[in-house]
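> Any chance you could fold what I've pasted below:
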Amino acid sequence: MSTENSTVRNPNFVSLWDLWTQRREEILKRTKSPEYPFGLKSLDDVAHGVMKGKVTVIAARTSEAKTAFALQAAFNMANIGKTILYITLEDDSKQIAERLFSNIREIDNQALITGDVARFVLFDPGIEELFKRVKLLPLQDYGHNFDEIKNTINLMQPKPDIVFLDYVQMIEQLPRESEYDSLSRFSQQCKKFAEVNDIGLVIISQINRAGAKEGRPQLHHLQGCGRLEQVSDLLLILYCPYTYRDTSFDYDKTTGKGYEQCPPDYVECMIAKNKNGIRNWVVRLRFTGKYYKFEEWTH
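Residues are numbered from 1 along each chain as shown. The predicted model follows:
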């Protein structure tokens, strides 16, 4: 059983001047390009990617492409040389590999499902080289509680820069523990671990039933627990207006701005919380479902 909650802490007194000189050196190393980018320029320009030592939450309703979004971001980071752990509590690891193949090679997922793919496509040497090179480890059937996640991170060499958990409502509950209490405990553990170990945690979350009915989902619609909202440094909410016959967020009948009827591939990514940057900002994206692929919205 974890004893993390009973850890003895001691105060660490550092003068304001020393803190500023340390932070100043960090600022001098920063660039306009985030170190751990999502790979979508319009989003990275505002959110500045995922941060190490911080908690990022990606939320959406059921079947609104949150896994596709998270997986594409994870691969993008791995493709630029970062070490990424992707814990999947829903899909199996081979499905993760298939999704990425479809995304990168732009092969219709239905063709893969039915086996209607030419052999030379499946044995693409470029994909083989790419998949061997990137440091992306998909992990299934492990990570259902925080001790398992911590153990996995400690066993990895090199240590991961960023850990994705897909998705948080699948974690185990203790006997006689409510979903609320379970997620509260888990969220606090994630926050402390990320800060102490300088590892970025990206948590994928469902939207609750109320959020599934009340138009655009908001922060308070995270399923099971408001603590996820509290511990997150960056919180993104994906929304597909077409599914609900909704207008775009900026629709104005008088000026003709925005969409009264949104195209089916139009997705809004709302930066609902950003502890150290712009928030309540919506980024328009295109999602091509047959490739599990997100791109910039160019209309």
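> Look at Arg105 and report its pLDDT.
Arg105 is assigned a predicted lDDT (pLDDT) of 96.
> So it versus Ser248, what's the distance?
Separation of Arg105 from Ser248 (CB to CB, to the nearest Å): 31 Å. Every C-beta, even on glycine, is put in place using the N, C-alpha and C of the backbone.
> Over to Val196?
41 Å.
> mind listing what's buried in stretch 269-276?
Residues of stretch 269-276 classed as buried under the neighbour-count rule (16 or more other CB atoms under 10 Å) are Cys269, Met270, Ile271, Ala272, Lys273, Asn274.
> show me where pLDDT drops low in the stretch 151-299 of the chain?
Residue ranges of the stretch 151-299 of the chain with pLDDT under 70: 209-214, 223-226.
> Quick one: the helices in it, in order.
For the stretch 151-299 of the chain, helices defined by DSSP state H, counting those that start in this stretch occupy the ranges 179-197, 227-231.
> Deepest in the core, which of those is it.
Neighbour counts (mean count of other CB atoms under 10 Å) averaged over each of those peak at helix 227-231, with a mean of 20.
> can you give me how far it is from the chain middle?
With CA atoms, centre = their mean, to the nearest Å as the basis, the distance from the averaged C-alpha position of helix 227-231 to the chain average is 15 Å.
> Equivalent analysis for stretch 178-185, please.
Relative to the mean C-alpha coordinate of its chain, stretch 178-185 is positioned 20 Å out (CA atoms, centre = their mean).
> from here on, count from 15
Sure, I'll start numbering at 15, so the last one becomes stretch 192-199.
> circling back: in CSV, list the helices of the stretch 165-313 of the chain along with distance to Val182.
Conversion of the helices of the stretch 165-313 of the chain to CSV gives the following (distance: least, CB to CB, whole Å):
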stretch, distance to Val182
helix 193-211, 7
helix 241-245, 7
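> can you give me phi and psi for the nearest residue to Tyr265 once chain neighbours are set aside?
Taking CB to CB, 6 or more residues apart in numbering, and ignoring the residues beside it in sequence, Tyr265 has Gly272 as its nearest neighbour in space, at 3.5 Å. Geometry field for Gly272 lists phi and psi as phi 80, psi -170, criterion degrees, to the nearest 10.
> about what we covered before: looking at the helices of the stretch 165-313 of the chain, which is nearest to Glu78?
Shortest separation from Glu78 across the helices of the stretch 165-313 of the chain is recorded for helix 241-245, at 17.2 Å, computed as CB to CB.
> which helices and strands does that closest one pack with?
Of the remaining helices and strands, those touching helix 241-245 by 3 or more CB pairs under 8 Å, 6 or more residues apart in numbering; DSSP states H and E are strand 69-74, helix 193-211.
> Return the list of strands paired to the shortest one, each annotated with direction.
Read that as strand 69-74. If you go by DSSP bridges, strand 69-74 pairs up with strand 214-220 (parallel), strand 248-253 (parallel).
> Out of those strands, which gets nearest to Thr268?
Nearest of these to Thr268, taken as CB to CB: strand 248-253 at 23.4 Å.
> from the chain's centre, how far out does that closest one sit?
From the chain centre to the centre of strand 248-253 is a distance of 9 Å (CA atoms, centre = their mean).
> Likewise for stretch 211-224?
With CA atoms, centre = their mean as the basis, stretch 211-224 stands 7 Å off its chain's centre.
> Buried residues of it, list them for me.
Under 16+ other CB under 10 Å, the buried positions of stretch 211-224 are Asn211, Ile213, Gly214, Leu215, Val216, Ile217, Ile218, Ser219, Gln220, Ile221, Asn222.
> so who does the fifth one touch?
For Val216, the set of contacting residues under the criterion of CB atoms under 8 Å, 6 or more residues apart in numbering consists of Val64, Val69, Thr70, Val71, Ile72, Ala84, Ala87, Ala88, Ile176, Val177, Phe178, Leu179.
> Contact partners for the third one?
Thr70 is in contact with Val64, Gly214, Leu215, Val216, Ile217, Ser246, Asp247, Leu248, Leu249, Leu250, counting by CB under 8 Å, 6+ apart.
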